[in-house]
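Student: make a model of this:
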Amino acid sequence: MKRLERYQLEHTTPESVGVDSKAITAFINEINEKGLALQSFTVVRHDKVCAQGFFKPYGADIPHVLYSMSKSVTSTAIGFAVSEGLINLNDRVADYFPEYVMSKRPFNRMLTIRMLLTMRSDKFITVFEEKGQKDWIANFMNATFLLPPNSKFNYISENTFMLSAIISKVTGMSMLDYLYPRMFEPLGIEKPFWETDGAGNNAGGWGLYMKSEDLAKFFLPYIHGGKWIDGTQLIPELWVKEATRKQVDSVNDGFIDNMMGYGYQFWRNPIANSFRADGLFGQRCFMFPDYDALVVLNCGEAEDYKIMKVFWKYFPQCFGYEALPENKEAYSEMLSVIENCHVEDLPSTERNRELEQKISNRLIKCKTSEFVSVVSISVTQMLYNKPGEINEMRLSFDEEKLNFYWKEKEYANTIEVGLDGEYRVSEITLGDLHYHTYSKAAWQEDGSLKLWIRPIETAHVRQFTFYFRDDDTVKVINEMTPRFQDLVIYNMTFIGMPIKSEMTEDVVKEAVKTLGLPIIEPDFKGKFVE
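Tutor: Sure, this is the predicted structure:
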């Protein structure tokens, strides 16, 4: 399919498409007042972007990790494969992988593509399942069952990975390459990065990175029966209808957003005839066909239901049916509020020149676990080529900045770090990952040094605090926002073992220990050797 002539979304004022600028401003203000970690938003009404904002340092030109929003993109690929006669939803998964021994798990022969789509494989797999240098298909096939297949909704991302593996099996190409001429290319979307296993299969259920406005373009046909703005049928109409309606009951976790039913890798909303693509830490694309509207959110909020609560207060209520008189004052105020939005920041402090001179350019040797990386464990745990195990670091100060060098496994990087309250931007490579880092550091009154590293393509900020001892040892407090314990809460909820979000960190750690899991992202020590 050739690139559509009008693939760019027009930008306009909210009032011109029946949205009050004051409602958008109120939404943003409440997010900020509550200290919620919204990172970007894009509001589309009548096929036009009427409001868009990026919380500094996030920006329009930087892709953002989607986590499980990736699943709805995978669903789209399955829809094409079904319409092209390559697969049938009643096909048995085992028939696509006869090379794998099936005798260990007889229930494998009962699994169908439809069960994968509706999260009813009833496999027992958690985010702690090791992905590094493993055969992901074999891992899935060998995994135990909680119940016989099709017994109960059981949300696991590996179901969606298997859908991706099936696409690769029947097409001879990755799912990303399969989707490219069908969706990305005609919409003028640059081919995105999508994590893969060791055999070239895209992760499917996670690992996709896309820009906010590109997401809006990708999902816009879903509110138009699969058609683009100019009437071109992009996604099969029947698939849009089936994928977004309630196919099965979903979870009963106390949050109404998650209890309205599940389609084919789409969640139903508590608003009639609306649905969404949904990802960890608040990645969302809400689709409202009855309002001819769509909203994309990218967030880094551990308790993302708090953002959802604020969202439902303003949307879709703000979508009127007629254009409103232009309100220059309200529109100008909205733009001003958006311009001043930023994520949690590290305040600048006076430099500790004496200590800088003592430690600058000296190599620190350390030994850490495989879970210690500059990148969040929520990313690295699901990678085939995994970084981690930071083993050496160096802090080099000059008049303008700090240069921070570190090495994890065989991956070595040096980044520039602002010491004046301003971000310094660098690029890093860790395995298959390539990120831009926005970094700051600040000395504290107790002589410690805080270093914040934000890989801007992710939802997270790594927060190291260095304590320098007289015996040349260095203690490093290792923190990540959002925190790992919140990933535990999220995962346990979706495999039917709910952990209340207000539980203390000690209780969560005990739960992790009970499950036989290692302590994740621990603090660590090092020693100057030069």
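
Student: span of stretch 217-228 from start to end?
Tutor: 9 Å (Cα to Cα, to the nearest Å).

Student: state the mean pLDDT of the helix or strand hosting residue 213.
Tutor: Residue 213 belongs to helix 212-219 when assigned by DSSP states H and E. Taken as a whole, helix 212-219 carries a mean pLDDT of 98.

Student: mind telling me what element the nearest residue to residue 89 once chain neighbours are set aside is part of?
Tutor: Closest residue to residue 89 apart from its sequence neighbours, by Cβ to Cβ, 6 or more residues apart in numbering: residue 114 at 4.2 Å. Yep, even glycine has a C-beta here, placed from its N, CA and C like the rest. Taking DSSP H and E as the definition, residue 114 sits inside helix 113-117.

Student: average pLDDT for stretch 446-456, rounded please.
Tutor: 98.

Student: would you pull up how far it lies from the middle of the chain?
Tutor: Once both centres are worked out by Cα atoms, centre = their mean, to the nearest Å, stretch 446-456 turns out to sit 23 Å from its chain's centre.

Student: go ahead and name everything in contact with it.
Tutor: Identification of contacts with stretch 446-456 by Cβ atoms under 8 Å, 6 or more residues apart in numbering yields 57-59, 62, 343, 346, 352, 355, 374-375, 395, 402, 404, 415, 417, 423, 428, 435-444, 460-468.

Student: those in strands, which ones?
Tutor: Within the contacts of stretch 446-456, residues falling in strands by DSSP state E are 395, 402, 404, 415, 417, 428, 435-443, 461-468.

Student: give me the distance from the strand or helix carrying residue 306 to the chain's centre.
Tutor: For residue 306, the enclosing helix or strand under DSSP H and E is helix 305-314. Chain-centre distance of helix 305-314: 18 Å, with Cα atoms, centre = their mean.

Student: who does that helix touch, helix- and strand-wise?
Tutor: Other elements packing on helix 305-314 under the criterion 3 or more Cβ pairs under 8 Å, 6 or more residues apart in numbering; DSSP states H and E are helix 21-33, strand 283-288, strand 293-299.

Student: hmm, try it at 10 Å
Tutor: Of the remaining helices and strands, those touching helix 305-314 by 3 or more Cβ pairs under 10 Å, 6 or more residues apart in numbering; DSSP states H and E are helix 21-33, strand 38-45, strand 283-288, strand 293-299.

Student: what does the following helix or strand past that helix contact?
Tutor: From helix 305-314 onward toward the C-terminus, using DSSP H and E, the following helix or strand is helix 328-339. Contacts of helix 328-339 with the rest of the structure, by Cβ atoms under 10 Å, 6 or more residues apart in numbering, involve 13-16, 20-29, 32, 41, 51-56, 324, 327.

Student: kindly export helix 328-339 (C-alpha atoms) in CSV.
Tutor: This file holds the C-alpha atoms of helix 328-339, laid out as CSV (Å, rounded to 0.1, in the frame of the first residue of the first chain):
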residue,chain,number,x,y,z
LYS,A,328,-8.1,33.2,22.9
GLU,A,329,-7.5,33.8,26.6
ALA,A,330,-8.4,30.3,27.6
TYR,A,331,-6.4,28.8,24.8
SER,A,332,-3.4,30.9,25.6
GLU,A,333,-3.6,29.9,29.3
MET,A,334,-3.7,26.2,28.2
LEU,A,335,-0.6,26.6,26.1
SER,A,336,1.2,28.4,29.0
VAL,A,337,0.4,25.7,31.5
ILE,A,338,1.6,23.0,29.0
GLU,A,339,4.8,24.9,28.4
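
Student: buried residues, stretch 119-128. List them.
Tutor: 119-123, 125-128 (16 or more other Cβ atoms under 10 Å).

Student: quick one: mean pLDDT for that stretch?
Tutor: Mean predicted lDDT for stretch 119-128 stands at 89.

Student: from the opening residue of it to its closing one, how far?
Tutor: With Cα to Cα applied, stretch 119-128 spans 18 Å between its terminal residues.

Student: test my guess that residue 219 contacts residue 289.
Tutor: No: counting by Cβ atoms under 10 Å, residue 219 does not reach residue 289; the two are 11.4 Å apart.

Student: now for the two: what residues contact both?
Tutor: The contact lists of residue 219 and residue 289 share residue 275, where a contact means Cβ under 10 Å, 6+ apart.

Student: looking at those two, which has the bigger crowd around it?
Tutor: residue 219 (24 against 16; other Cβ atoms under 10 Å).
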